[in-house]
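> Structure for the following, please:
(chains A and B)
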2 protein chains.
Amino acid sequence: MWAATIVTAILGEATVRLTLLSGGVGGAKLARGLAAVNGVELTVIVNVGDDDRIYGLSVSPDIDTVIYTMAGREGPQGWGLAEDPFVAMKALDALPIDASFRIGDGDLATNLFRTDRLLAGWSLTWVTTALASAFGVAATILPATDDPLRTEVRIPEAGWLSFQEYFVGRSHADEVIDIRFRGAGFCRPAPGVMEALANCDAIIIGPSNPILSIWPILAVPGVADTIASHQSVVGISPLIGGTALKGPAHKVLQSLGVGSNTAGIISSYDGLLTDLLIDQSDVDDVVGGGQPRIHLTDTRMPDLEGSVKLAQTVVNLASSARRT
Amino acid sequence: MWAATIVTAILGEATVRLTLLSGGVGGAKLARGLAAVNGVELTVIVNVGDDDRIYGLSVSPDIDTVIYTMAGREGPQGWGLAEDPFVAMKALDALPIDASFRIGDGDLATNLFRTDRLLAGWSLTWVTTALASAFGVAATILPATDDPLRTEVRIPEAGWLSFQEYFVGRSHADEVIDIRFRGAGFCRPAPGVMEALANCDAIIIGPSNPILSIWPILAVPGVADTIASHQSVVGISPLIGGTALKGPAHKVLQSLGVGSNTAGIISSYDGLLTDLLIDQSDVDDVVGGGQPRIHLTDTRMPDLEGSVKLAQTVVNLASSARRT
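Next up is the predicted model:
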């Protein structure tokens, strides 16, 4: 039973406040694990660079993946809802429109709700809080910003693309040769984001794509500086044997010249990390001394038990992490 | 077999060009019947006063009802699609939003398509043509206008309401004491509307709610004048025994002081009609002489056979209708 693996948090009965930076699937799985560890008070700051307007709907793919996964209701591919029919999408296939962005029927309700409420003047933070509550998620889920911030990537064949054009429209098959975060210069951290970063016991950077999922969070003015001044910042590498389990992280790390290995992950976080947890299969990447300290474990999260096990390791590590 | 009831149009093998003004269910049923009459070249000008933004989607309820009904795919209540699940709406019920406006999952695709294309710069006419084509509807379906025109009604309890607030939100239970068509002063007939009215052999005003469904079409500048100068304008009363089969037509005719009877229908069209077809149950309403000439028939359309039968009567009547 996975419940048996739940541990008392590092401070015994006391609360440990963790703030997790997350993209979609990997970060969401870790979020679910962390929320299941006794004594953890969790805030998740979620990437909104993938947000877009699809079929007129305001979609926030990473926010929904985090909420659905934390509720145990995520779809089989890690996005969308479990056991969700696709009647609307099949009907859309009969109309003259690019219907490559698939949204299940129940998942449509989430996006209809968000679109309706944003048009009514709610902030993305309000919408996200309402959704998390409706899905029974007790952790605080915050968008990195309520202002528009959009990841765009440049590919040799077509120039600059919106994230969803690249990721869904072209199945992230292209080589990414540049990246930018439109709006980053004009956005503010969402309410609660700076406080969650400044006042937590440790900041956790989830096993998400550093460039496509975490950089857009770090691009929000003030966020990277606040993380850099925190005493305890634990990253989890998304690589297993130098490759991402899901998505194009290793390809993008390579094509942008960062390197698809532990050194590349460290470099991509540019001095922010005090500790980095990597998969034991990447043991050859370990270099001695300095910061971040590198720790080995099994970082795969094939099921909830795996998520809780990794979360427990992260919580233990966070207690000893200290910036030197 | 209903097919056996299809008749050769009044001009034998020649084509008769009819332009039908339609709201939702009643007009849509007649449209389907007219399209099945041999030799009829049909244009349907559809009310857009009920259009609204619901859950962020651009909905056009009457246009969709006309297309779905003409395609033989209308839902059991006359709106939406047949055999359409409501997974998205059930999911929406769990979120903090007024979900009284129900849209089936397949019907959502129609509305996602329209919303997406309008945002991309298509006109409502383009969207409507694409939808009609995708649903295999050969007749020309035109919105009355591509510009915003919104029906609003005043009720004693709450003042002015949008049409959908009144119709769906409050189940058209309130007494309507005034009506207005917001935007009517600033809108233009959609491309093709004036030509379809001026160049047809007869204009048919469908058995729709005169005030809530036809007045918003007549409110488009130029439309009423063009109809008034046409030699052949045949109306079909939506009343059967003084009552609307569906919807609040009789209540609104009464509360606005027009009268829920044949005289009220005539009065509501203010000199436009050359001929009026009423249900045989309203025989006592017939008054002699003058225009419009009044004709009796069975105006109910319980099934496709009924629609084609009424359509045939309308086509025959249209051939002899002449403004005096």
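> Verify the stated contact: A:Ser60 with A:Leu124.
Yes: judged on Cβ atoms under 8 Å, A:Ser60 makes contact with A:Leu124 at a distance of 6.9 Å. For every residue, glycine as well, the C-beta is placed using N, CA and C.
> Spit out the residues that contact the two alike.
With contacts taken as Cβ atoms under 8 Å, 6 or more residues apart in numbering or on different chains, the residues that reach both A:Ser60 and A:Leu124 are A:Val48, A:Arg114, A:Pro143.
> residues contacting the closest residue to A:Tyr55 other than its chain neighbours?
Closest residue in space to A:Tyr55, ignoring its immediate chain neighbours: B:Leu112 at 3.8 Å, by Cβ to Cβ, 6 or more residues apart in numbering or on different chains. Neighbouring residues of B:Leu112 by Cβ under 8 Å, 6+ apart: A:Tyr55, A:Gly56, A:Leu57, A:Ala88, A:Leu92, B:Leu57.
> could you point out which element follows the one helix or strand B:Leu112 maps to?
Counting by DSSP states H and E, the element that carries B:Leu112 is helix B:105-119. The first helix or strand that comes after helix B:105-119 along the chain, using DSSP H and E, is helix B:124-134.
> That following helix near chain A at all?
Yes: interface with chain A: helix B:124-134 contributes B:Ala130, B:Leu131, B:Ala134 (Cβ under 8 Å from any Cβ of the partner chain).
> Sort out which one of the residues you listed lies nearest B:Ser307 for me.
Of all the residues of helix B:124-134 next to chain A, B:Ser307 sits closest to B:Leu131, with 20.7 Å by Cβ to Cβ.
> What is the neighbour count of the closest one?
For B:Leu131, the count of nearby residues is 23 (other Cβ atoms under 10 Å in any protein chain shown).
> can you list contacts of stretch A:113-130?
Contacts of stretch A:113-130 (Cβ under 8 Å, 6+ apart): A:46, A:48, A:56-60, A:63, A:67, A:131, A:140-143, A:146, A:190-192, B:53-57, B:92, B:95-97.
> Please compute how far it lies from its chain's middle.
Relative to the chain's own centre, stretch A:113-130 is displaced by 20 Å; criterion: Cα atoms, centre = their mean, to the nearest Å.
> Show me what counts as buried in it.
By 16 or more other Cβ atoms under 10 Å in any protein chain shown, the buried positions in stretch A:113-130 come out as A:113-118, A:122-125, A:127-130.
> Give me the distance between the lowest-mean-pLDDT helix or strand in chain A and the centre of its chain.
Within chain A, no helix or strand scores below strand A:243-244, which has a mean of 88 by mean pLDDT, DSSP states H and E. Relative to the centre of its chain, strand A:243-244 is centred 16 Å away, using Cα atoms, centre = their mean.
> same deal with stretch A:143-162?
That offset, for stretch A:143-162, works out to 16 Å (Cα atoms, centre = their mean).
> do the same with stretch A:259-271
That offset, for stretch A:259-271, works out to 17 Å (Cα atoms, centre = their mean).
> Stretch A:239-246 now?
Using Cα atoms, centre = their mean, the offset of stretch A:239-246 from its chain centre is 16 Å.
> Which other helices and strands does the lengthiest helix in chain A contact?
Longest helix in chain A, counting residues (DSSP state H): helix A:304-320. Applying 3 or more Cβ pairs under 8 Å, 6 or more residues apart in numbering or on different chains; DSSP states H and E, one finds that helix A:304-320 contacts strand A:16-22, helix A:25-35, strand A:202-205, strand A:233-236, strand A:275-279, strand A:293-297.
> Apply 7 Å and report the result again.
With contacts taken as 3 or more Cβ pairs under 7 Å, 6 or more residues apart in numbering or on different chains; DSSP states H and E, helix A:304-320 sits against helix A:25-35, strand A:202-205, strand A:233-236, strand A:275-279, strand A:293-297.
> Restrict it to CA atoms and write it as CSV.
Taking C-alpha atoms only, helix A:304-320 is exported to CSV below (Å, rounded to 0.1, in the frame of the first residue of the first chain):
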residue,chain,number,x,y,z
LEU,A,304,1.5,7.1,-7.1
GLU,A,305,3.7,5.0,-4.9
GLY,A,306,6.7,6.1,-7.0
SER,A,307,5.6,9.8,-6.7
VAL,A,308,5.3,9.6,-2.9
LYS,A,309,8.7,7.8,-2.6
LEU,A,310,10.5,10.5,-4.7
ALA,A,311,8.6,13.2,-2.8
GLN,A,312,9.8,11.7,0.5
THR,A,313,13.4,11.8,-0.7
VAL,A,314,12.9,15.4,-1.8
VAL,A,315,11.5,16.4,1.5
ASN,A,316,14.4,14.8,3.4
LEU,A,317,16.9,16.4,1.1
ALA,A,318,15.2,19.8,1.4
SER,A,319,15.8,19.7,5.2
SER,A,320,19.6,19.6,4.7
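> Give me the mean pLDDT for it.
Helix A:304-320 comes out with an average pLDDT of 96.
> what pLDDT does the closest residue to A:Gln231 other than its chain neighbours get?
Of all residues not flanking A:Gln231 in the chain, A:Arg323 sits nearest, at 4.8 Å (Cβ to Cβ, 6+ apart). The per-residue pLDDT reported for A:Arg323 equals 88.
> same deal with A:Leu245?
pLDDT, A:Leu245: 82.
> For chain A, what lies in contact range of chain B?
A:55-57, A:85, A:87-88, A:91-92, A:94-97, A:105-106, A:108-109, A:112-113, A:115-116, A:119, A:130, A:134 (Cβ under 7 Å from any Cβ of the partner chain).
> Buried among the residues you listed? Make that a ChimeraX selection.
Command for ChimeraX that selects the buried part of the residues of chain A next to chain B, burial taken from 16+ other Cβ under 10 Å:
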select /A:55,56,57,87,88,91,92,95,97,105,106,108,109,112,113,115,116,130,134
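> Go ahead and confirm A:Val59 touches A:Asn111.
Yes: at 5.5 Å, A:Val59 and A:Asn111 qualify as touching, with contact defined as Cβ atoms under 7 Å.
> Backbone dihedrals for A:Asn182, please?
For residue A:182 the amino acid is Arg, not Asn. Main-chain torsions, A:Arg182, degrees, to the nearest 10: phi -60, psi 130.
> Oh, that last question was meant for A:Lys251, not what I typed.
According to degrees, to the nearest 10, A:Lys251 has phi -60, psi -40.
> What is the burial count for it?
18.
> same thing with A:Ser229?
Counted with other Cβ under 10 Å, A:Ser229 comes out at 12.
> A:Leu304 now?
Other residues close to A:Leu304 by other Cβ under 10 Å number 17.
> hang on, A:Ser58 in a strand?
Yes: under DSSP: H, G, I helix; E, B strand; the rest coil, A:Ser58 falls within a strand.
> count of neighbours near it?
Using other Cβ under 10 Å: A:Ser58 sits among 20 other residues.
> distance of it from A:Ser123?
From A:Ser58 over to A:Ser123 the distance is 12 Å, taken as Cβ to Cβ, to the nearest Å.
> So for A:Leu11, what's the pLDDT?
For A:Leu11, the pLDDT comes out at 46.
> Ok, the one 4 residues further on next?
Predicted confidence (pLDDT) for A:Thr15: 91.
> cool, A:Ser267 as well?
95.
> Need the contact partners of the host helix or strand of it.
Using DSSP H and E, A:Ser267 sits in helix A:262-268. Residues lying outside helix A:262-268 but in contact with it, judged by Cβ atoms under 7 Å, 6 or more residues apart in numbering or on different chains, are A:210-211, A:235, A:237, A:239, A:253, A:258-259, A:273, A:276, A:278, A:282, A:285, A:292, A:294.
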